[in-house]
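J.: one predicted model, sequence on top.
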Amino acid sequence: MNQSTLLTWMIFAPLIGIPFVLAMPKDKTQWVRWLATAITAIPLLLGLYLVMNFDPNNTSMQFEHHFVWIPSFAIEYYVGVDGLSILMVLLTVLIAFIASIASWGITKYVRGYFALFLLLETGMLGTFCALDFFLFYVFWEVMLLPMYFLIGIWGGPRKEYAAIKFFLYTLFGSLLMLLAIIAMYYNSNPATLVDGTPVNHTFNIVKLITENDFAAKAPLLGFEFSKLLFIALFIGFAIKIPMVPFHTWLPDAHVEAPTPISVILAGVLLKMGGYGILRINYGIFPEAAKWAAPGVALFGAISIVYAAFVCLAQKDLKKMIAYSSVSHMGFVLLGIAAFTDQGMTGAVFQMWTHGLISPMLFLIAGVIYDRAHHREIDGFGGLANQMPEYTGLTGLAFMASLGLPALAGFISEFLVFTGAFPVYRVLTIISGLAIIITAAYYLYALQRMFLGKLNEKYAGLSDLTWRERVTLYPLAVLIVVVGIYPMPLLNLINKTLMSIVQVFKG
Amino acid sequence: MPSGKLALLYPYFVLAAGVLAVLLGRMLRPSGSSRSSGTVITALVILAVAVLIAWLSPAEGDIYSIFYFDGFTRFMFIFSALATALAIFMASHSLEVAQNRFSEYTAILMTLCIGLSLMAASKNLLFTYLAIEMVSMSSYILTGFKRLDLASHEAALKYVIYGSVASAVMVFGMSLLFGLTGTISYSGIAQALGSAGIMVQAGQIGLFAMFIALMMVFTGFTFKIAAVPFHMWCPDVYQGAPTPFTGFLSVAPKAAGFALIMRFMAELFPAAAPSLTNSILMVLGLMSAVTMTLGNFSAIQQTNVKRLLAYSSIAQAGYVLMGVVVLSLAGSEAVLLYLLIYLFMNMGAFAVLQMIIDASGSEELSAFRGLGYRAPMTAFALAVFLFSLAGLPPLAGFIGKFYLFAAALKTGSNWYAALAVVAILNSVVALFYYVKIIREMYLSDEQAKMPRAISRPSLYVVVVMVVPVFILGLYWEPLQKLVEAAAAVLRLP
């Protein structure tokens, strides 16, 4: 088999960088920042190289690195990417790089901050690449610790509450997942490890998808086996997405987290939920997925509509953006529940575009917070004259988020709607109407912050700094380019997604 | 005694000689001299020699079907010696163990170690009782070792009273067992319980009497592992005892108790009538669920870290009991694996706690405020131990929990699956209070004006325990092989 250590290097490059960051002299914060950013550039470059060399017509795993880790429990180290994960990997390396530049504003315990930041990046990349379920779980959990500290130490006034809430919510979800993983393991068919050793059961995700049918297994706790496991895993992922009613950790975490961590959280972490559902739930339990689809669509629509209304009522800019994430991630659920080509493509693409737009929104919220030290939407007014460049970028991000054509958000939402409409007419129409609410809250916020009379308190605000430009412009450009010409990215994922949809059509 | 069998006892002889050597060394030393590193070195060398003999000697077998030296005993012997060595090393620089009485402490601890490894080796009720009492007596003394501290005295007295009652109930149960079956050997009782045995012939009544007798025996056994409802002594005793010994107490006697229970159950239950086995497993399973739940929820409210860790160790015993109740090979392996990992992470947590207590004189949560910035290494080590106790990957505690959950789910039984779900929910609760300490160390902005809590030797102990917690979380295949060999002796399906 073709082995490649490229992915492994990409995943562990940030981890290897940690000792170097910690070894920096304490008073040279600027060095630490340069070094950390340079380290995050390594996965970015490797990720781009990966995309260049990725064969989009091949639906099986590529760039595999596979060896036995713990033979007595059939645990392997197995990483690889297909069309679904390559897009997420690309998003992760990109957002992590931008977030590392945005992190230059951090002044407290800089070395510790970047060490945790890099650990987080390794966890994220590992989760998207892992193809052994045990390994997947380890990476999944490895993200929790740095996230807890990053929110808890560098966060806002209610950081302790937000950090522990995030921690407990996600831990609950992931422990449910752990039970499901073990139950799945013991019900899987015999397999062989990569070195040829025969084993009774397997954690290999590819084998679990292709060589196992869990629909016929004996019931567990009085429930049908595959449905019970589907639900346990789904809850674990839905907490991460987050889907209403499991979303309450998100506004707290976002509001308290420092800007770059919000960027990571919205840009990458939320996508893990969607990725997990597609890779694990849909891959391993297709029958249960079919059975649960109406429920998934319903919760998706509820998330879209409910969160949009909640946004309307927000006074804090960052909280509004946080809730808008819940709303936009609802599209992912609606899209994947439809089992149509467009719906599936739209859902995955929505993860990508949201992964560009929401980091930009959080960066924007960070810019104003750094200057005014508050984020009350009503507290501003007339900033357009004061900060024209900032206003322009904010307008662009808001428009992209509400789905204006020719910007990235439009493509994915349009695809979701066309894909979901034939299957769930009513839900799609209701979700479509929520777009109006979305437009309303963005425009209303825009009006209150940037138009009208200038609040005299803020007459001295300066426009964007160079560091802020470096973080905002790449995202803005990508949003426009992807909105006008999305084909290269769609080509990357199409074949893989078609093969997933095929399972449900057949 | 059959000739040649004596070789089985060599490791014990070495330990016993060590006890004498330590005491003799104390007598020969001028009375004015403070604790000597000589005592530590003597003790550690003796323990190392004993472990080497136990490990390398090929001799396996039994003495009069009472004492069994096999893979299982060997594992527990090494385990106990390791815990003892760590406890001696921790105490060697603790302010809580009086300087001039350090040799006494060491000698008693080594005696205790002999008792612990005998508990795992016994297949005879009388011998079991003697081993347990040997452990208990030594524990009572060491709990009250802080002569000038009232809390320590109170703890010792509580321990004695609770312990004696539990022992009495257990002995009563043992006498009932003897009365019912006419034998005190495990295999004899198993035979009586078997399909052709007298107990089954006696019918329902016989089984009921047997159930009562066994439950009374289990009262004594579960007292040792501090399972609810026999856990009352635990927080007070842990809080009162000198911290190095508390760390030992929360690990080694518990582990020996589990080993004893596993040996007992593996010998008796596979042959016994299913109705009897199932009802006892049911009771123990409920105990496991209640133990972890109560332990965790009680820990949440604690502000005294020593007490918090005491409740946490009650909860941990609940998880381990789950692996015992499964009564399978996978379960026994999981228990042994977990215990060894637990040894490092729990004693590690107590080692750090001891450093804090010595430096600040306080056991309260507030003593940990800002520790992450005052003493980064120490705080980091404690964070590793606590996250490992909470079962987060990639630390060893996660592997232990993973094995326990896997053992419960492997059975495919709904009852065990439900138990695993209870354990999962408990893990979330547990994280909450472990994080309470982490929060004090890292998240609070104000920093307590406390001395930097570092003394070199204690840092070494901590490092000795942090390293395995990391390594075993990433690669535990050798450990798996080790526990496989030990658990195979129990011959469970």
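T.: Thanks, I have the structure now.
J.: so what's the residue count around the residue lying closest to B:Pro468 once chain neighbours are set aside?
T.: Sequence neighbours aside, B:Phe344 is the residue nearest to B:Pro468 in space, at 4.8 Å (criterion: CB to CB, 6 or more residues apart in numbering or on different chains). The C-beta positions use only the backbone N, C-alpha and C, and glycine is treated the same way. Other residues near B:Phe344 come to 26 when the count uses other CB atoms under 10 Å in any protein chain shown.
J.: which is the next helix or strand following the one helix or strand B:Phe344 maps to?
T.: Under DSSP states H and E, the secondary-structure element containing B:Phe344 is helix B:329-360. Next along the chain after helix B:329-360, taking DSSP H and E as the criterion, comes helix B:371-374.
J.: next, the buried residues of that following helix.
T.: B:Leu371, B:Gly372, B:Arg374 (16 or more other CB atoms under 10 Å in any protein chain shown).
J.: quick check: the second one vs A:Phe139, distance?
T.: I take that to be B:Gly372. Separation of B:Gly372 from A:Phe139 (CB to CB, to the nearest Å) stands at 25 Å.
J.: again, but for the last one
T.: B:Arg374 sits 32 Å away from A:Phe139, taking CB to CB as the criterion.
J.: got it, and A:Phe309?
T.: Distance of A:Phe309 to A:Phe139, given as CB to CB: 35 Å.
J.: so which of these two has more stuff around it?
T.: Neighbours per residue, other CB under 10 Å: of A:Phe309 and A:Phe139, the larger number sits with A:Phe139, 23 against 14.
J.: which bits of chain B sit near chain A?
T.: B:373, B:387, B:392-394, B:398, B:402, B:405-406, B:409-410, B:412, B:414, B:417-418, B:420-421, B:424-425, B:427-428, B:431-432, B:435, B:439, B:442-443, B:475-477, B:480-481, B:484 (CB under 8 Å from any CB of the partner chain).
J.: hmm, try it at 7 Å
T.: Counting by CB under 7 Å from any CB of the partner chain, chain B comes close to chain A at B:387, B:392-394, B:405-406, B:409-410, B:414, B:417-418, B:420-421, B:424, B:427-428, B:431-432, B:435, B:439, B:442-443, B:476-477, B:480.
J.: surely the residue nearest to B:Pro468 and B:Met465 touch.
T.: Yes: under the criterion of CB atoms under 7 Å, B:Phe344 lies in contact with B:Met465, with a separation of 4.6 Å.
J.: next one: phi and psi at A:His65?
T.: Dihedral angles of A:His65 (phi, psi; degrees, to the nearest 10) stand at phi -130, psi 120.
J.: hmm, I typed the wrong one, I wanted B:Asn304.
T.: phi -90, psi 120.
J.: contacting residues for it?
T.: For B:Asn304, the contact set (CB atoms under 7 Å, 6 or more residues apart in numbering or on different chains) comprises B:Gln239, B:Glu363, B:Glu364.
J.: what's across from it in the sheet?
T.: B:Glu364 (DSSP bridges).
J.: which residues of the stretch 251-400 of chain A lie near chain B?
T.: Of all the residues in the stretch 251-400 of chain A, none lies near chain B, going by CB under 7 Å from any CB.
J.: and the helices in the stretch 51-200 of chain B, which stretches?
T.: All helices of the stretch 51-200 of chain B, identified by DSSP state H, counting those that start in this stretch, fall at B:71-91, B:102-121, B:125-143, B:150-181, B:186-193, B:198-201.
J.: please spell out which residues along the fourth one are buried.
T.: So that's helix B:150-181. Taking 16+ other CB under 10 Å as the basis for neighbour counts, the residues of helix B:150-181 that come out buried are B:152, B:154-160, B:162-163, B:166-167, B:169-171, B:173-174, B:176-178, B:180-181.
J.: what's it packed up against?
T.: Applying 3 or more CB pairs under 7 Å, 6 or more residues apart in numbering or on different chains; DSSP states H and E, one finds that helix B:150-181 contacts helix B:125-143, helix B:186-193, helix B:198-201, helix B:203-224, helix B:233-240.
J.: got CSV for the ones you listed, with mean neighbour count too?
T.: Conversion of the helices and strands packed on helix B:150-181 to CSV gives the following (neighbours: other CB atoms under 10 Å in any protein chain shown):
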stretch, mean neighbour count
helix B:125-143, 21
helix B:186-193, 21
helix B:198-201, 16
helix B:203-224, 19
helix B:233-240, 24
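J.: would B:Pro229 count as being in a strand?
T.: No: when classified by DSSP: H, G, I helix; E, B strand; the rest coil, B:Pro229 is found to be coil rather than part of a strand.
J.: could you tell me which ranges of chain B sit under the pLDDT cut-off?
T.: Judged against pLDDT under 70, the low-scoring parts of chain B cover residues B:1-3, B:30-36, B:196, B:199-200, B:445-456.
J.: make it 80
T.: Low-confidence regions of chain B, defined by pLDDT under 80, span residues B:1-4, B:29-38, B:58-59, B:99-100, B:194-206, B:444-458.
J.: tell me the residue furthest from the middle of it?
T.: Ranking residues of chain B by C-alpha distance from their mean position (CA atoms, centre = their mean) puts B:Gln201 at the top, at 38.2 Å.
J.: next, count neighbours for A:Leu475.
T.: 28.
J.: quick check, pLDDT for the nearest residue to it once chain neighbours are set aside.
T.: With sequence-adjacent residues excluded and distances taken as CB to CB, 6+ apart, A:Leu475 is closest to A:Met360, at 4.3 Å. pLDDT, A:Met360: 95.
J.: ok, A:Met360 touching A:Leu472?
T.: Yes: with contacts counted by CB under 7 Å, A:Met360 reaches A:Leu472, the gap being 6.4 Å.
J.: these two - which one has more neighbours?
T.: Neighbours per residue, other CB under 10 Å: of A:Met360 and A:Leu472, the larger number sits with A:Met360, 29 against 24.
J.: how near is the more buried one to A:Phe97?
T.: Distance check for A:Met360 against A:Phe97: by CB to CB, it reads 14 Å.
J.: okay, which residue is most central for chain A?
T.: The structure's chain A has its C-alpha centroid closest to A:Lys271; by CA atoms, centre = their mean the separation is 2.5 Å.
J.: what's the domain layout of chain A?
T.: A:1-164+A:244-279, A:294-506 (automatic domain parsing).
J.: those domains into a markdown table, with extra columns for distance to B:Ala351?
T.: As requested, these are exported to a markdown table (distance: least, CB to CB, whole Å):
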| stretch | distance to B:Ala351 |
| --- | --- |
| domain A:1-164+A:244-279 | 22 |
| domain A:294-506 | 42 |
